[in-house]
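> let's see this in three dimensions:
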Amino acid sequence: MDESKVIEAWRVLRIQSELVQGIERLAKLGGAVSVYGSARLKPGTPYYQAAHDLAASLSAQNIAVISGGGPGIMEAANRGAFKQAGASVGLNITLPEEQENNAYQDVSLQFRYFFVRKLMFVKHAIGFVIFPGGFGTMDELFEALTLVQTLKVEPFPIVLYGSEYWDGLVEWLKTTMVKQGCIGKEDLQLFKVVDDVDQAVRIVLEHHDQLSREPNNSGAFGRED
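Numbering: from 1, shown residues only. Below is the predicted model:
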């Protein structure tokens, strides 16, 4: 057999293994909030503290908090939820430049493939809270917006924390994307920009309470066949 075909076959098996492991490990997690943001925002910065406080408040309400498992905002979120009522989950990724997993994970999974990891972020989502970040953060933001816009998942709140950071992007969406017809004005309602941790928590909890009143709710992928 051609060696390249053997390599591809093993890659498929690795992908399958990551999917099975992730689904099984998180099967009993229930609704969770995924928190994103830069690995470069360290302890002592306002955004780090806000992410910590947000996660602590959500975990106190028995809501799991999921992060990418690394340093910065990811560490802050895991640290806030660690060993509290709601689980602190780290979806760690293996990178050429090794990402150091933070030490505040009740549930820790390691992924090789970004797309499998992304599925786990969304699968249990009752909300995304997105702090300032780089390309990876933007990737997760726009994927979430696309999934909700196209109704490939049940809508959930997408909260952008820090208007000073996000206002330039939001203004570009309004003056360029909406103006040129690439998105509709109504699509700007798919996310909210906040500067207050309590407000972000309240948005998520209101959605969580609504879900709890809906019979047979099947989570973010409720629309999938």
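> which of the helices or strands spans the residue nearest the centre of the chain?
In the chain, the centroid-proximal residue (Cα atoms, centre = their mean) is S34; its distance is 3.2 Å. Here S34 is covered by strand 32-36, with elements defined by DSSP states H and E.
> next: E140.
Using DSSP H and E, E140 maps to helix 135-149.
> what helices or strands is the very next helix or strand once past that helix leaning on?
Once the chain leaves helix 135-149, the next helix or strand it forms, by DSSP H and E, is strand 158-161. Helices and strands touching strand 158-161, by 3 or more Cβ pairs under 8 Å, 6 or more residues apart in numbering; DSSP states H and E, are helix 46-60, strand 125-130, helix 135-149, strand 192-194, helix 197-212. (Each C-beta comes from the backbone N, C-alpha and C, glycine too.)
> go again using 10 Å as the cut-off
Here strand 158-161 touches strand 32-36, helix 46-60, strand 125-130, helix 135-149, helix 163-172, strand 192-194, helix 197-212, going by 3 or more Cβ pairs under 10 Å, 6 or more residues apart in numbering; DSSP states H and E.
> now render the ones you listed as a markdown table, adding distance to T94 and mean pLDDT.
Listed next are the helices and strands packed on strand 158-161 as a markdown table, based on distance: least, Cβ to Cβ, whole Å; pLDDT from 0 to 100:
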| stretch | distance to T94 | mean pLDDT |
| --- | --- | --- |
| strand 32-36 | 19 | 98 |
| helix 46-60 | 23 | 98 |
| strand 125-130 | 23 | 97 |
| helix 135-149 | 14 | 96 |
| helix 163-172 | 28 | 98 |
| strand 192-194 | 33 | 98 |
| helix 197-212 | 30 | 95 |
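> which one of these lies nearest to G69?
When the helices and strands packed on strand 158-161 are compared by Cβ to Cβ, strand 32-36 sits nearest G69, at 11.1 Å.
> ok and that closest one relative to helix 197-212, angle-wise?
In terms of direction (axes from the mean of the first three to the mean of the last three Cα atoms, to 10 degrees), strand 32-36 departs from helix 197-212 by 140 degrees.
> on that earlier part again, work out the gap between the helix holding E140 and the centre of the chain.
Centroid separation between helix 135-149 and its chain, computed with Cα atoms, centre = their mean, to the nearest Å, is 9 Å.
> show me what it is packed up against.
If you count contacts as 3+ Cβ pairs under 10 Å, 6+ apart, helix 135-149 packs onto strand 32-36, helix 114-123, strand 125-130, strand 158-161, helix 163-172.
> just the buried residues of the second one, please?
Of the residues in helix 114-123, those buried by neighbour count under the rule 16 or more other Cβ atoms under 10 Å are 116-123.
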